[in-house]
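Asks: Give me a 3D structure for the following:
(4 chains)
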4 protein chains.
Amino acid sequence: MAGNTFGQVFQVTTFGESHGIAIGGIIDGCPAGLELDVDFIQTELDRRKPGQSKLTTQRKEDDQVAFLSGIFEGKTTGAPIGFQIKNKDQKSKDYGHIQDKFRPSHADYTYEKKYGNRDYRGGGRSSARETACRVVAGAIAQLILRHHGVEIHSYVQQVGSLILLKEFDEIDFSKTFKNEVRCPDAEMAEKMSDFILQIKKEGDTIGGVIQTVVKNCPVGLGEPVFDKLHADLGKAMLSINAVKGFEYGSGFCASEMRGSQHNDEFVKTEEGIRTKTNYSGGIQGGISNGEEIYFRTAFKPVATIMKNQASIDTQGKETEVTGKGRHDACVVPRAVPIVTAMTALVLVDHLLRSKISQL
Amino acid sequence: MAGNTFGQVFQVTTFGESHGIAIGGIIDGCPAGLELDVDFIQTELDRRKPGQSKLTTQRKEDDQVAFLSGIFEGKTTGAPIGFQIKNKDQKSKDYGHIQDKFRPSHADYTYEKKYGNRDYRGGGRSSARETACRVVAGAIAQLILRHHGVEIHSYVQQVGSLILLKEFDEIDFSKTFKNEVRCPDAEMAEKMSDFILQIKKEGDTIGGVIQTVVKNCPVGLGEPVFDKLHADLGKAMLSINAVKGFEYGSGFCASEMRGSQHNDEFVKTEEGIRTKTNYSGGIQGGISNGEEIYFRTAFKPVATIMKNQASIDTQGKETEVTGKGRHDACVVPRAVPIVTAMTALVLVDHLLRSKISQL
Amino acid sequence: MAGNTFGQVFQVTTFGESHGIAIGGIIDGCPAGLELDVDFIQTELDRRKPGQSKLTTQRKEDDQVAFLSGIFEGKTTGAPIGFQIKNKDQKSKDYGHIQDKFRPSHADYTYEKKYGNRDYRGGGRSSARETACRVVAGAIAQLILRHHGVEIHSYVQQVGSLILLKEFDEIDFSKTFKNEVRCPDAEMAEKMSDFILQIKKEGDTIGGVIQTVVKNCPVGLGEPVFDKLHADLGKAMLSINAVKGFEYGSGFCASEMRGSQHNDEFVKTEEGIRTKTNYSGGIQGGISNGEEIYFRTAFKPVATIMKNQASIDTQGKETEVTGKGRHDACVVPRAVPIVTAMTALVLVDHLLRSKISQL
Amino acid sequence: MAGNTFGQVFQVTTFGESHGIAIGGIIDGCPAGLELDVDFIQTELDRRKPGQSKLTTQRKEDDQVAFLSGIFEGKTTGAPIGFQIKNKDQKSKDYGHIQDKFRPSHADYTYEKKYGNRDYRGGGRSSARETACRVVAGAIAQLILRHHGVEIHSYVQQVGSLILLKEFDEIDFSKTFKNEVRCPDAEMAEKMSDFILQIKKEGDTIGGVIQTVVKNCPVGLGEPVFDKLHADLGKAMLSINAVKGFEYGSGFCASEMRGSQHNDEFVKTEEGIRTKTNYSGGIQGGISNGEEIYFRTAFKPVATIMKNQASIDTQGKETEVTGKGRHDACVVPRAVPIVTAMTALVLVDHLLRSKISQL
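Replies: You can find the predicted model right below:
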């Protein structure tokens, strides 16, 4: 009801504010018997954490996850998995200057109106710091998906107007995390990196797009009508801070296409029934069809900029705000593991749900 | 769990197949005391029904909704509202030719794999006929929203590459339903109409885009983190048959923008605190901020075309399919009331949820 | 949220008032591939319907269930199952006399206060007529349980102070429906029958107890902590009209027992691990252990009596009410199939949920 | 789905095992603006904790709750409240002797079968230690109820065959926590205390009953049909470890009563409409009617006894178990705050749900 839980069977509930004591969560519905590869989980977290490179905010967080329950002798027991990440570098004094002001395009104003009060330190609950918890849960979801051979590959496809035009089947996904931008094409990655640094120097920020490709997804995931697989993927992506759009398969381009061009004809192959093309994006009627699932997620530029902006204070008076502290000039590089995590959460939830489709 | 329910407080559950006895649903969580304007509900249904014009399928359905419970002396009682629409024009013989074949880009193959059997008549449960039930529930949701002054305006913005470029604040929404295309600009509507007829003559189909604008939405709707208002709107739209993409506010364009350009500065006005621009699309941090909410929903071309297509039958053998029966060449004109209905369902659900935010 | 849905995986939502057009429901989450034995479903409904014998109300209802969706060629398809029972014998004029009065120990007063209005005809939504929908859904649940060999036996154990003292393993359950009281002991059944008729003649009503025994329940049903199997069974029974108490296994007697007496020691048998005694009632730690599950459900006397009672009208003035129309002198005989239905709904829901416990 | 969440609006999810690092939980849906009386919460926790008196287990736990989020400047913010209680006195070596054995009437066997593995230390997740988290959440729920004047009084009514026969309106609830048994009658409390010590000396355990009385509950709480107020109360109580039965109002006695005797006639009083008697237990048709709500919860004797018992080991071989460590001879004194907590959780959830009943 209050929106802090995701999933119907594999359910993650998160808590925590940017500058509180800790953030954390509970994963309920994780099947028993899963070996927990803690190194993998920490690696995913490290890919999200701030202060990794010159491109990102210099906020220093270890982001060490501690598991408190649900695991015994290295395996999940079926009991809920409680976990926690302490907030070490809280520096809440940095935020005194915005205590009484509504920062443009942040959630300050809407939280104040909705709740009547708010934890203004670093955005409180509205901070993207919360997504670290999603990465933990998503990493566990990925461990389950591995048992089924499912692979998720997300990468930065666009920063500002710099777009990687290669089709995803020409891409070597093993190169994505070889650079700070998380674009698997080294040449484009460098261009993007230079561009972000330039933007940063100007005290400004820039948007971008992440592309995700899922390989080896089993046929049959997704519930028809309201919980179509792509509808749940869309909701998952749109729930990530700063996301403005989602499209899968042919996406917005489909609106300009004809049926005769867009339909994916079926063909018989050695691997079984496949489709000749894949405008459907691996999902037909809301249910995975065994082809590659792919989708794009659009991010707006980060709202905190190092420039003067007109605003209003909590008394309703006109004022100005200027960003202080440590912020990203472009959020997409650090958002790559978050997008992957949310994808994994949706897929595992539907994988478990699909166990009940037939008698 | 099985995906036939939408909403958390104002919940609609639907049932029914394209060629079964009836379709219908139950609305649970509708507050008591609402006067039920049955004419308005029927008007919304009529806007969706097939056979309305030369542009749409000639399937003849009265689509008369009957309310079976939850209403007494013209008002809702707080009890669940059961409703039903009989399927009159069932002609299931039309579908014998596809009983054993998987139609390209339909849900035949995925349903068969997921469930082990399927009602092949007219797509069964995967048919867009199910959306008539959403229109009924959405119309009741609109009646509640009216009490709060909220208005929802959806219209066809694009058919193929024909795009209405006017900003929505230049548009007279009262003209949307004056033509068969549901584009509020008469000139563009005619172009679109001609184009769709041309496509139809060719036995082909074409995609399109619907734009939605919500006026007078109260501040404070939407739950932070997973159930952000735009995340739930996105899921709602993506759950409609044939939708491939969703964007709100600045949408995909945001990925090319800078923060200094994209941020919506606050200004003091006679109406209270407003924003100078509205790239946020009326939603900040997942919560409505009182500005106009706007979003775009992209539809693919209808999969049923009157042309030969390669396919596979249920025995795994190669075969061909050709569309028969009565189908739309372009789905967006009839999808306008569906998009509005889903928007209303999301807004009412969050309106009721918001009652619990403060002590 | 509004309480008209039961179950988490196998979910039934019901609608309908006592004197509305129809009652009905939607079953969502029924696995595909189940052969629907419609005769069995109707038999269960017939056991609940009014007017069956001289013991029960003479209201005449055919209670013919019509299935509207989710079934194709005799089997479930995985799509939601919509069903409906028309209200034939509505006689709403019988209820004019209570339109403005609150009947003692009925729900008139609380509905009026909660909703601000109410359908006063025959109790409207608060009528036990709603339970017919539970019987339909429960009968389908029983069909699934049969595949797993699970049997549910409910019977009348007590009417007033007439108690069948036999242990359930001495009872021949095949005799339960051989008499109108639904007590499997012919001698006791006759005593109960005579007693109920006597009570009826006096214009009064009497309470009773139903005992339920579940045989062959698989080990492992029930979720620990909040959704313990017996907690869900308890809620299910307490949700039936007129129920005042629930106990399972040793029940209230356990409060007077010592651990050394109450503990069920484990023994090795040819059938595997069993317990020597079964004070646990087949459930340990909230999870079924393979022993027989048994519980007792207590019903109050029906509130409608043919005697004058002091009351208050909707204007707050003192008044009197006397029962009119057709009512049961004792509800337990007709409640037997309802208790069985609710038991089946809980068990099937947990059976499906248990599929996800292990990797 | 996995049963570790309680409530629909005011939702608490718990995690943690008896001998893990910590137990804790997340409360989601707590309205913003509530002043958090941390002392009161800790007092409730202290009433549940082990080692309080000679009657209870000597396990030493501080049971200090730490709040990690959702609170700012002493008030709730509407964000989820994460909390944690560290397990200090873990002594897991005490449990080596039962690692491979199934203790009679514990959850060892059923957990092993359900999950394929288990954390055997002190019962792991099945331990009543989990209920400390319920007490934390329930105490916060009580703080909300206080705003509405609602009071909850639970007390020990029965230990073995020692029963306090006084009606609850003759009882001075302020005396409940004046003694170790939590029976508000000093004389009976002493008898119970002596009896429990005798049982303890014998290495045995004994059951009991807790009575709960709710005063000043607003009219209108409870959702008709499946989520009747007493059905949710029943589920809540039955979800507490060792509970075997629940009855409200007239309870099991109702089965022996006549309608003319059991019906609660309405009367006009200075305080408004009241009922002359209260066999209904403050709930009619599943909805609170403003009278006192009262119910009884029956507990079995604790399963751990200091005597030899026959059992089976995980290899299926016959063996014996004897209790070691520190256990309660009677659980009801420490269960009083747990019963109160679960009552508060149900009432607050329905209080918030009731905000949506009318337009």
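Asks: Spatially nearest residue to the residue of the stretch 251-359 of chain A found nearest chain D (excluding sequence neighbours)?
Replies: For the stretch 251-359 of chain A, the nearest residue to chain D under the criterion C-beta to the nearest C-beta is A:L352, separated by 8.6 Å. (Each C-beta comes from the backbone N, C-alpha and C, glycine too.) Distance criterion C-beta to C-beta, 6 or more residues apart in numbering or on different chains; nearest residue to A:L352, sequence neighbours excluded, is A:V9 at 4.2 Å.
Asks: unless I'm mixing things up, the one you found is touching A:D349, no?
Replies: Yes. Assessed by C-beta atoms under 8 Å, A:V9 is found in contact with A:D349 at 5.5 Å.
Asks: Only C-alpha atoms, please: export the helix or strand where A:R134 lies in CSV.
Replies: Using DSSP states H and E, A:R134 falls within helix A:131-147. C-alpha atoms of helix A:131-147 as CSV (Å, rounded to 0.1, in the frame of the first residue of the first chain):
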residue,chain,number,x,y,z
THR,A,131,18.5,1.7,-4.9
ALA,A,132,21.5,0.0,-3.2
CYS,A,133,18.9,-2.2,-1.5
ARG,A,134,17.4,-3.1,-4.9
VAL,A,135,20.9,-4.1,-6.1
VAL,A,136,21.3,-6.5,-3.2
ALA,A,137,17.9,-8.1,-3.8
GLY,A,138,18.5,-8.1,-7.5
ALA,A,139,21.8,-9.8,-7.2
ILE,A,140,20.1,-12.7,-5.2
ALA,A,141,17.5,-12.8,-8.0
GLN,A,142,20.3,-13.1,-10.5
LEU,A,143,21.7,-16.1,-8.6
ILE,A,144,18.4,-17.9,-9.0
LEU,A,145,18.2,-16.9,-12.7
ARG,A,146,21.6,-18.4,-13.3
HIS,A,147,20.2,-21.8,-12.3
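Asks: Stretch A:305-319: which residues count as buried?
Replies: A:305-306, A:309, A:311-313 (16 or more other C-beta atoms under 10 Å in any protein chain shown).
Asks: Can you confirm whether it lies near chain D?
Replies: No. Legend: contact between stretch A:305-319 and chain D by C-beta under 8 Å from any C-beta of the partner chain is lacking; minimum distance shown is 14.1 Å.
Asks: ok, residues contacting that stretch?
Replies: By C-beta atoms under 8 Å, 6 or more residues apart in numbering or on different chains, the surrounding residues in contact with stretch A:305-319 are A:100-104, A:109, A:112, A:203-205, A:320-323, B:259-260, B:263, B:265-268, B:272-273, B:276.
Asks: now do 6 Å
Replies: When contacts are defined by C-beta atoms under 6 Å, 6 or more residues apart in numbering or on different chains, stretch A:305-319 is touched by residues A:100-102, A:104, A:203-205, A:320-323, B:259-260, B:265-266, B:268, B:273.
Asks: for chain C, what are the nearby residues on the stretch 1-150 of chain A?
Replies: Selection of the stretch 1-150 of chain A residues close to chain C by C-beta under 6 Å from any C-beta of the partner chain yields A:9, A:31-34, A:78.
Asks: for A:R103, what are its contacts?
Replies: Per C-beta under 6 Å, 6+ apart, neighbours of A:R103: A:V321.
Asks: Which pLDDT value goes with it?
Replies: pLDDT recorded at A:R103 is 94.
Asks: Kindly report the same for A:E256.
Replies: 98.
Asks: And A:Q11, by the same measure?
Replies: A:Q11 carries a pLDDT value of 98.
Asks: Likewise for A:G316?
Replies: We have a pLDDT of 89 for A:G316.
Asks: In terms of helices and strands, where is it?
Replies: Going by DSSP H and E, A:G316 is not in any helix or strand.
Asks: show me what contacts A:E112?
Replies: A:R118.
Asks: and with 7 Å instead?
Replies: Residues counted as contacts of A:E112 (C-beta atoms under 7 Å, 6 or more residues apart in numbering or on different chains) are A:118, A:314.
Asks: ok so it is a strand residue?
Replies: No. A:E112 sits outside any strand when classified using DSSP: H, G, I helix; E, B strand; the rest coil, being helix.
Asks: and it, how far is that from chain D?
Replies: 10 Å (C-beta to the nearest C-beta, to the nearest Å).
Asks: and the residue of the stretch 251-359 of chain A closest to chain D, what pLDDT?
Replies: Per the predicted model, pLDDT is 97 at A:L352.
Asks: List the contacts of it.
Replies: A:9-10, C:356.
Asks: So what's the residue count around A:A189?
Replies: The local packing of A:A189 (other C-beta atoms under 10 Å in any protein chain shown) involves 24 other residues.
Asks: How about A:I293?
Replies: Counted with other C-beta under 10 Å, the neighbours of A:I293 add up to 29.
Asks: cool, and A:G96?
Replies: 11.
Asks: Please look at A:D37 and A:R146 and confirm they touch.
Replies: No. The criterion here is C-beta atoms under 7 Å, and A:D37 misses it with A:R146 at 8.9 Å.
Asks: and the contacts of stretch A:305-319, which of them are in helices?
Replies: Those of the contacts of stretch A:305-319 mapping onto helices are B:259-260, per DSSP state H.
Asks: Make a ChimeraX selection of the buried ones in the contacts of stretch A:305-319.
Replies: To isolate the buried subset of these in ChimeraX, counting by 16+ other C-beta under 10 Å, use the following:
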select /A:101,102,104,204,205,321,323 /B:259,260,265,266,273
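Asks: What separation is there between the closest residue to A:E73 other than its chain neighbours and A:K215?
Replies: Nearest non-adjacent residue to A:E73, counting by C-beta to C-beta, 6+ apart: D:N117, 7.7 Å away. D:N117 sits 31 Å away from A:K215, taking C-beta to C-beta, to the nearest Å as the criterion.
Asks: For whichever residue of the stretch 151-300 of chain A sits closest to chain C, the count of nearby residues, please.
Replies: In the stretch 151-300 of chain A, the residue that lies nearest chain C is A:P224 (7.6 Å; C-beta to the nearest C-beta). Residues within reach of A:P224, counting by other C-beta under 10 Å, total 27.
Asks: can you pull the pLDDT of the closest residue to it other than its chain neighbours?
Replies: Distances taken as C-beta to C-beta, 6+ apart put A:G286 closest to A:P224, at 5.2 Å, once the chain neighbours are dropped. What the model reports for A:G286 is a pLDDT of 98.
Asks: got a list of what A:G286 touches?
Replies: Neighbour list for A:G286: A:222, A:224, A:228-231 [criterion: C-beta under 7 Å, 6+ apart].
Asks: at 8 Å what do you get?
Replies: A:G286 is in contact with A:222-225, A:227-231, B:3, B:107, B:110, B:239, counting by C-beta under 8 Å, 6+ apart.
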